[in-house]
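# For reference, the sequence and a predicted model appear below.
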Amino acid sequence: MSDREQLLEATLDLIDEGIAVLDQNSSVVFWNGAAVALTGYRAEDVVRRPCPPSLYGVESDHLHQLDTRGDEVPESPTLVTMLHRLGHTVPGMLRKVALQDRSGAPIGAALLFYPVDEADALPRGECGEDRGIERSQAAMEERLDAAHHQWTTGRMPFGLLWVTVDQAQSLRTTHGRDACESMLQTIEQTLLRQMKPAEVIGRWGCNEFLILTHERTADLLRERARRLAGLTRTADFRWWGDRIGLTVSIGASQATEADTLQSVLLAARKAMQASAYAGGNQVTEARGR
């Protein structure tokens, strides 16, 4: 590889948008770092091979799985569902750019894609549909291990939201265990309806939840936490006819390069505790670890 080619590849690797360059036979000739983070496919998995044919599906009245070699690849930015190598989906925007040589002859194409961050921009029917909660802490730990491995090996963004219900302990004391569990199920269903396709939610301890998410930055993670905190305040929980207002304290922790899984968990828990100690009903972002 020439110095010029190395410089070009290094520059493309700095771009946040996923880039896949295909030759005329639709084999991958370049796959940048953002493409690795979004799809889970490493460059060595795809370069000199045909582009994964079920890499994405286009949102319309229903999802159509398209072959990336076909003429139906979007020419303008289109909302799609990206299929991750490990089987889960990530909502994104994708467009195709035809590549030509100096004489105008076709020489290949580039696929450009990036994740969608806003819940309102998700493909219809994805958010909260047929979703479940990990009720076993052991099962949730397995999901966390897999997500952290994706972060360390492929830089798939990895963040945690540690959620506790502010009224849980007092409700258990005043109304009993059944009332507390009913309240937790109300919060659980409220959160489940708002989960993005790639997010995972699980029960953690007696009164808490962990949400594994893939927001690209700490700022986006914080905004995601604030949105969920606001939605839980609208939860309609009643016990023996009495409506009980609910709020949550959330700690948000975005994985950094030096983080272990345990350090991300500890940072999220400490941030959640800071929210609770400050009076609850708020989000605290983990910092300075």
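Thanks, I have the structure now.

# Going along the chain, name the helices of the stretch 51-200 of the chain.
137-154, 168-175, 177-192 (DSSP state H, counting those that start in this stretch).

# Can you check the pLDDT for residue 5?
Note on residue 5: pLDDT of 72.

# mind checking the SS state of the closest residue to residue 139 other than its chain neighbours?
Closest residue in space to residue 139, ignoring its immediate chain neighbours: residue 202 at 7.1 Å, by C-beta to C-beta, 6 or more residues apart in numbering. C-beta coordinates here come from the backbone N, C-alpha and C atoms, glycine included. Assigned with DSSP: H, G, I helix; E, B strand; the rest coil, residue 202 falls in the strand class.

# hmm, back to that, mean neighbour count and distance to residue 257 added to the helices of the stretch 51-200 of the chain, as TSV?
TSV is the format used below for these (neighbours: other C-beta atoms under 10 Å; distance: least, C-beta to C-beta, whole Å):
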stretch	mean neighbour count	distance to residue 257
helix 137-154	16	9
helix 168-175	15	35
helix 177-192	17	29
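
# Make TSV out of these and add mean pLDDT.
Converted to TSV, those look like this (pLDDT from 0 to 100):
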stretch	mean pLDDT
helix 137-154	84
helix 168-175	87
helix 177-192	90
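
# Touching, residue 106 and residue 100? I think so.
Yes - Residue 106 is in contact with residue 100 according to C-beta atoms under 8 Å; the separation is 5.7 Å.

# doesn't residue 214 make contact with residue 199?
Yes - between residue 199 and residue 214 a contact is recorded at 7.2 Å, counting by C-beta under 8 Å.

# Who has more neighbours out of these two?
residue 214 (26 against 22; other C-beta atoms under 10 Å).

# Tell me the secondary structure of the residue lying closest to residue 204 once chain neighbours are set aside, please.
On the basis of C-beta to C-beta, 6+ apart, the spatially nearest residue to residue 204 that is not a chain neighbour turns out to be residue 210, at 4.5 Å. Secondary structure assignment for residue 210 (three-state DSSP): strand.

# so what pLDDT did residue 210 get?
95.

# is it in a bridge, and if so with what?
residue 162, residue 202 (DSSP bridges).

# What separation do you get for the nearest residue to residue 236 once chain neighbours are set aside and residue 207?
Excluding the flanking residues, the one nearest residue 236 by C-beta to C-beta, 6+ apart is residue 243, at 7.1 Å. Residue 243 sits 20 Å away from residue 207, going by C-beta to C-beta, to the nearest Å.

# Just want to know which of the two has more residues nearby.
Looking at residue 243 and residue 207 with other C-beta under 10 Å, you find the greater number of neighbours at residue 207, namely 20 against 9.

# so who does the more buried one touch?
164-165, 168-169, 172, 180, 184 (C-beta atoms under 8 Å, 6 or more residues apart in numbering).

# can you give me phi and psi for it?
Main-chain torsions, residue 207, degrees, to the nearest 10: phi -120, psi 10.

# now it: how far from residue 180?
For residue 207, the distance to residue 180 - C-beta to C-beta - is 7 Å.

# what do the two both touch?
Joint contacts of residue 207 and residue 180 (C-beta under 8 Å, 6+ apart) are 168, 172.

# circling back to that earlier point, closest one to residue 237 among the helices of the stretch 51-200 of the chain?
Across the helices of the stretch 51-200 of the chain, residue 237 has its closest neighbour in helix 177-192 (4.5 Å, C-beta to C-beta).

# What are the contacting residues of that closest one?
Counting by C-beta under 8 Å, 6+ apart, 128, 131-133, 163, 165, 167-168, 171-172, 201, 203, 207, 209, 211, 228, 231-232, 234-237, 239, 244, 246, 248 sit against helix 177-192.

# make it 6 Å
For helix 177-192, contacts defined as C-beta atoms under 6 Å, 6 or more residues apart in numbering pick out 128, 131, 133, 165, 168, 171-172, 201, 232, 235, 237, 239.
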